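**Q** Provide a 3D model corresponding to the input given below.
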Amino acid sequence: MKRRDFIKTAGAGAIATTAGYAPYVIAQKKTTIRWRLQTYAGPALAEHVIKPQVDAFNKAANGEMVIELYNADQLVPHGELFRALQRGTIDAAQSDDDSMAAPVDVASLAAYFPFASRYSLDVAALWHWYGLNEIWEEAYSEIEGVTWLGAGSWDPCNFATKEPIRSMKDFEGKRLFMFPTVGRFMQRFGVVPVSMPFADVQVALQTGVLDGVAWSGITEDYNNGWADVTDYYLTNPVSGAWVGSYFANEDAWAKVPEHLKTLFRLSMDSSNYYRLHWYWWGEAHHRVNGDKLELTSIPDEEWSEVEQEALTFWDEIAEKSERNAKVVKILKEYLETMKAAGPPYRYS
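**A** The predicted structure follows:
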């Protein structure tokens, strides 16, 4: 047999064997990773602070991973959110450390730590350029079952009330829906801080159980419907931006492949950016164009006393742990840097 004919014959036999006798192989279908993520926010607020992020992530993940979003208290009460995350009842959470009762010493320095920031960009600068990312990572590395993924800034903390606040004495006896740490601070001025499920706040304002809220800026007062049941908005902020974070159950996070981890972190950055301009627009827009709340203010000389008292409060928090003391030292250095830099960083 000629060599060329042999090759032709052998090739034909190989094709026949492959076609007729090769074993039948069934391709294994990859299992979609499914997460349940609960946010601190109610339905209307979640439409802005996280739903665009989740929708974009699910689309980009292309079926490899799907995040199911749940609103405040929908799966577990908010105060039990951290423990539920540790147990794996949920896979991820968006919240502040303070109100979800995170068992870390730095928890009280998140959310609305009094006067720690004046603008939303202060939060990003502190976490990314002044070492707070590393401090938070260190704190959560000591807690089993939960991975801290990163922080971002939200809106300022002002006061929407049923009666006007025009001086510090007007705070006396006011029952306000507040975050834990800023509530403890405002107790020094006669405020009675109240904690309750998010969904109950509007009814509590309507029925007189609450005299107001100090849980947000004016954007959320309108978004959450609270501007419909309060009459006045105090322009003096007790904090320039809320600090919220993303958390994941440790085992759930470990099962996510690296490219989807990167995608999720990118979606966090996208959400942080969206909130940055949504709140910056909203705080000015509703003050100027809103028709539901009358603006009031406390004179600067009175309000400066509150700012000074905050520094005393900082020192008290610093005494609770070496790590807290390190954070407070950074906050003080940052404040001095901003003052020295002058406008637009600080005007006074």
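**Q** Now the residue positioned nearest the centre of the chain. Its backbone dihedrals?
**A** In the chain, the residue lying closest to the centroid (CA atoms, centre = their mean) is Gly244, at 2.6 Å. Main-chain dihedrals, Gly244, degrees, to the nearest 10: phi -110, psi 160.
**Q** so it sits right up against Ala93, yeah?
**A** No. Taking contacts as CB atoms under 8 Å, Gly244 lies outside contact range of Ala93: 10.0 Å. Where you see a C-beta, it was placed from the backbone N, CA and C, and this is true even at glycine.
**Q** Identify the contacts common to the two.
**A** Tyr40 (CB atoms under 8 Å, 6 or more residues apart in numbering).
**Q** any idea where the strands of this structure begin and end?
**A** 33-39, 65-70, 92-95, 146-153, 157-161, 175-178, 192-194, 212-216, 232-239, 243-249, 294-296 (DSSP state E).
**Q** Any idea which of those strands gets closest to Leu311?
**A** Comparison of those against Leu311 by CB to CB identifies strand 232-239 as nearest, at 13.5 Å.
**Q** same for that closest one, what does it pack against?
**A** Here strand 232-239 touches strand 157-161, helix 180-186, strand 294-296, helix 300-318, going by 3 or more CB pairs under 8 Å, 6 or more residues apart in numbering; DSSP states H and E.
**Q** Return the most buried member of these.
**A** The highest average neighbour count among those, using mean count of other CB atoms under 10 Å, belongs to strand 157-161 at a mean of 27.
**Q** Return the distance of that one from the chain's centre.
**A** 19 Å (CA atoms, centre = their mean, to the nearest Å).
**Q** which one is Arg87 nearest to, not counting chain neighbours?
**A** Closest residue to Arg87 apart from its sequence neighbours, by CB to CB, 6 or more residues apart in numbering: Gly145 at 7.5 Å.
**Q** Show the contacting residues for that neighbour.
**A** Neighbours of Gly145 in contact, by CB under 8 Å, 6+ apart: 85-88, 249-251.
**Q** if we can go back for a sec, would you reformat the helices and strands packed on strand 232-239 as a markdown table and include mean pLDDT and distance to Ala214?
**A** Below are the helices and strands packed on strand 232-239 laid out as a markdown table (pLDDT from 0 to 100; distance: least, CB to CB, whole Å):
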| stretch | mean pLDDT | distance to Ala214 |
| --- | --- | --- |
| strand 157-161 | 98 | 5 |
| helix 180-186 | 98 | 7 |
| strand 294-296 | 98 | 14 |
| helix 300-318 | 97 | 12 |
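**Q** thinking again about what came up before, most neighbours out of the contacts of Gly145, which is it?
**A** Among the contacts of Gly145, Leu85 has the most neighbours (other CB atoms under 10 Å), with 27 neighbours.
**Q** Help me confirm that it comes into contact with Asn249.
**A** Yes. Applying CB under 8 Å, one finds Leu85 in contact with Asn249, separated by 5.5 Å.
**Q** what is in contact with these two at once?
**A** Shared contacts of Leu85 and Asn249 (CB under 8 Å, 6+ apart): 91-92, 145-146.
**Q** Pull the most distant pair out of those residues.
**A** Ala92 and Gly145, at 12.6 Å, using CB to CB across the shared contacts of Leu85 and Asn249.
**Q** what touches both of the two?
**A** By CB under 8 Å, 6+ apart, the residues touching both Ala92 and Gly145 are 85, 249.
**Q** For Leu132, list the residues it contacts.
**A** Going by CB under 8 Å, 6+ apart, the list of residues near Leu132 reads 126, 151, 327, 330.
**Q** now do 10 Å
**A** Counting by CB atoms under 10 Å, 6 or more residues apart in numbering, Leu132 touches 106, 109-110, 123, 125-126, 151, 243, 326-327, 330-331, 334.
**Q** do you know how far it is from Thr32?
**A** Distance, Leu132 to Thr32, using CB to CB, to the nearest Å: 35 Å.
**Q** Could you do Ala214 as well?
**A** Computed with CB to CB, the distance linking Ala214 and Thr32 is 42 Å.
**Q** When the two are compared, which one has more neighbours?
**A** Ala214 (25 against 10).
**Q** I'd like the average pLDDT over the longest helix that the chain contains.
**A** The residue-count maximum for a helix in the chain (DSSP state H) belongs to helix 258-289. Model confidence over helix 258-289, given as mean pLDDT, is 98.
**Q** From the chain's centre, how far out is that helix? Work that out for me.
**A** With CA atoms, centre = their mean, you get 10 Å for helix 258-289.
**Q** Just the buried residues of that helix, please?
**A** 260, 263-264, 267-268, 271-272, 274-276, 278-279, 282-283, 286-287 (16 or more other CB atoms under 10 Å).
**Q** still on that earlier bit, what's the closest of the strands of the chain to Trp314?
**A** strand 232-239 (12.4 Å).
**Q** strand partners of that closest one, parallel vs antiparallel please.
**A** strand 157-161 (antiparallel), strand 294-296 (parallel) (DSSP bridges).
**Q** so where's the protein uncertain?
**A** Applying pLDDT under 70 to the chain flags residues 1-29.
**Q** One more pass at 80, please.
**A** The model of the chain has pLDDT under 80 over residues 1-30, 348.
**Q** just to revisit the earlier point, quick check: the residue nearest to the centre of the chain vs Val192, distance?
**A** From Gly244 to Val192 the distance is 25 Å (CB to CB).
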